[in-house]
Structures are given as C-alpha cells and as structure tokens.
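A.B. asks: Requesting a structural model of the entry that follows:
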Amino acid sequence: MNNTQINATDKTAAPRMTVNSKEFNVASRPVVSISGAQQNELLAALPRDVLESLFEHLELVTLPFGKELFEFGGAMDYVHFPTTAIVSLLYVMEDGATTEIAVVGHEGVVGVSLFEGERAMCSAVVQAAGYGYRMKAQHLRDAFNQGGALPALLMRYNTALFAQMAQNAVGGRHSSIEQKLCRWLLDRLDRSPSNELKVTQEMISIMLGVRRESITAAAGKLQDEGLIAYRRGNITVLDRSGLEAYAGECYKVARTEYERLLVDVARC
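C.D. replies: Next up, the predicted model:
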C-alpha cells in the first residue's frame, strides 16, 4: 500500500508530504513519487525505505538543452539523477577545444562528490533535454555515510562509468571516425526512448573532437550502408546490430560493464 499522501487542507500553509507517518514540507515544488523517482535506474534499485528516506531532499527539475550542471574546477553543489535527460561529461582545453569523456542518462548519476569542498574534474552539460531529480551534494554525503545499499550502488556505478571513460580514451586513439560515430550514436540510443536522435553534425564533431567534414563523410558512409537515415538535425538508427558490429570492441566492453551494473542493481 502506498503510504505517501499530500496534505493540502490548509490553503495558507505550504503543502506537506507524508511518508510512513512522517511529514515533509515540499513547498511549491513538484511532489516526488515512487514511480517518478524509479525512472532513474539507480534510484529504482534502492530498497523502498532507503528511497523514501531521500524524498525530503530530492527535487524534480527540468534539464534544458545546454544547461551546465557544473564546470571544470567548480563546486559540485548538487547531484543529478537523470530520468529522461542525457548529460555529457566534457573536458575543455584552455584553447576551448572540447572532448566528451562520458555520457550519463537514466542509468546513472552526475556530480557525486564524497568530500566536502571537492572540485569537478570535468564539465557536465545537458545534451538532450528532459527531466531528472536533484539533491544537495551534502545530503547525499550524509546518506552515503550511513552505509547500506546506497554507497554500494554508487561505487558499482562508478566502476561502470570508469569503464566507459577508459574505452572512450582507447577508442579515441585507435578507432576510425566511423567507429567513433557508431559508438557515440549507440551511447545515446541506450539512453533514449526511441531510435531517433535529434542532433546535428556540428554537435557530434564538437563532442568527438574532430572536424565537421569528417563527421559528414562518416555519416554519409553509414547512411549508404543502410545503418542510419540522416536529415538535418535528426538521425534515425535503422540497423542497431550493424552499428554495434561497426563500433567494435570499445562499445562492447563498455556495454558489457553497463549490463553487469544492471545485474548487480537487480540484486539489491
């Protein structure tokens, strides 16, 4: 039985949320629900009592395209659990050149800092608009220090994220432009509700750190081979298995680690 309810009998007072007989002031922000929070796979994996203990601190937020959640060297005041949004982790050089080092969607979390005053080692920018839940980093640290399922999940996810970063580094060195593009598209496809991606060749070139002309040629080749259909600002994946075969080892290794994470999450 769902023990969550909203008390709004007093129209002059802020709304109250009751969870297992405990009341929380939610002010005018959107109400956090079990079904909503569980759209993020890490939150969904938490035991219900642990998840509900976070409700007082979780806030449903809109994540518009281009929003910077934190920048390199800056403070990470909030932790974000994306549900429908996709976030890129970027390394920006002094000359402005940008390279994507990882991508996070509904499977993960962005901005975890386990030490007070910790500074970001990269920038985090919303690449596909959507929604997510956020909480203050200090509240997550407090919950982490209590032990249990939450720190175990966060550490397991960190391993999967590191595997993605490592394979991106290897792929950036040894993969062809076509392979890099295939891997990049598959990473988005894994975190999107459909096989259509709204993205421009210019954005892809920035994320991969290559010339736009190279992406144009690579996308044209993939389209000629029947793997994708491309029109301005939109890419439709027609043959996922073909993209996976083309992407090669780098995508497979990161994907395998992600699948292991899902298995571990299901056991929690």
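A.B. asks: Tell me, how many residues neighbour Thr62?
C.D. replies: Number of residues near Thr62 (other Cβ atoms under 10 Å) recorded here: 12. Every residue, glycine included, has its C-beta placed from N, CA and C.
A.B. asks: which strands and helices sit next to the helix or strand encompassing it?
C.D. replies: Thr62 belongs to strand 59-63 when assigned by DSSP states H and E. When contacts are defined as 3 or more Cβ pairs under 8 Å, 6 or more residues apart in numbering; DSSP states H and E, strand 59-63 packs onto strand 78-82, strand 130-136.
A.B. asks: the inter-axis angle of the first one versus strand 59-63?
C.D. replies: Here strand 78-82 runs at 70 degrees with respect to strand 59-63, directions being taken by axes from the mean of the first three to the mean of the last three Cα atoms, to 10 degrees.
A.B. asks: can you give me the helices in the chain?
C.D. replies: Residue ranges of the helices in the chain, as given by DSSP state H, are 34-37, 41-45, 48-54, 137-144, 149-174, 177-189, 201-208, 212-224, 240-247, 249-267.
A.B. asks: got the buried residues for the longest one?
C.D. replies: Within helix 149-174, the residues scored as buried using 16 or more other Cβ atoms under 10 Å are 150, 153-154, 156-157, 160-161, 163-164, 166-168, 171-172.
A.B. asks: again with the third one
C.D. replies: Within helix 48-54, the residues that count as buried by 16+ other Cβ under 10 Å are 50-54.
A.B. asks: which stretches of the stretch 1-150 of the chain aren't confidently modelled?
C.D. replies: Applying pLDDT under 70 to the stretch 1-150 of the chain flags the ranges 1-30.
A.B. asks: May I have the predicted confidence score for Tyr169?
C.D. replies: No, residue 169 isn't Tyr; it's Ala. Looking at Ala169, its pLDDT stands at 78.
A.B. asks: which residue packs closest to it, ignoring adjacent ones?
C.D. replies: Ile101 (7.7 Å; Cβ to Cβ, 6 or more residues apart in numbering).
A.B. asks: Could you export the helices of the chain as JSON lines, including distance to Leu63?
C.D. replies: Formatted as JSON lines, the helices of the chain follow (distance: least, Cβ to Cβ, whole Å):
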{"stretch": "helix 34-37", "distance to Leu63": "14"}
{"stretch": "helix 41-45", "distance to Leu63": "15"}
{"stretch": "helix 48-54", "distance to Leu63": "19"}
{"stretch": "helix 137-144", "distance to Leu63": "17"}
{"stretch": "helix 149-174", "distance to Leu63": "18"}
{"stretch": "helix 177-189", "distance to Leu63": "15"}
{"stretch": "helix 201-208", "distance to Leu63": "16"}
{"stretch": "helix 212-224", "distance to Leu63": "25"}
{"stretch": "helix 240-247", "distance to Leu63": "26"}
{"stretch": "helix 249-267", "distance to Leu63": "21"}
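A.B. asks: Pull out the buried residues from the strand holding Thr62.
C.D. replies: Buried, per 16+ other Cβ under 10 Å, within strand 59-63: 59-61, 63.
A.B. asks: Ok, stretch 192-204 next?
C.D. replies: So stretch 192-204, judged by 16+ other Cβ under 10 Å, has buried residues 192, 197, 199, 201, 203-204.
A.B. asks: on that earlier part again, between the buried residues of strand 59-63, which sits nearest Gln138?
C.D. replies: The nearest member of the buried residues of strand 59-63 to Gln138, counting by Cβ to Cβ, is Glu59 at 14.1 Å.
A.B. asks: which parts of stretch 63-79 are buried?
C.D. replies: 63, 69-71, 76, 78-79.
A.B. asks: ugh, wrong one, I meant stretch 129-145
C.D. replies: Across stretch 129-145, burial judged by 16+ other Cβ under 10 Å covers 130-135, 137, 140-141, 143.
A.B. asks: doesn't Val79 make contact with Leu140?
C.D. replies: Yes. The criterion here is Cβ atoms under 8 Å, and Leu140 meets it with Val79 at 4.9 Å.
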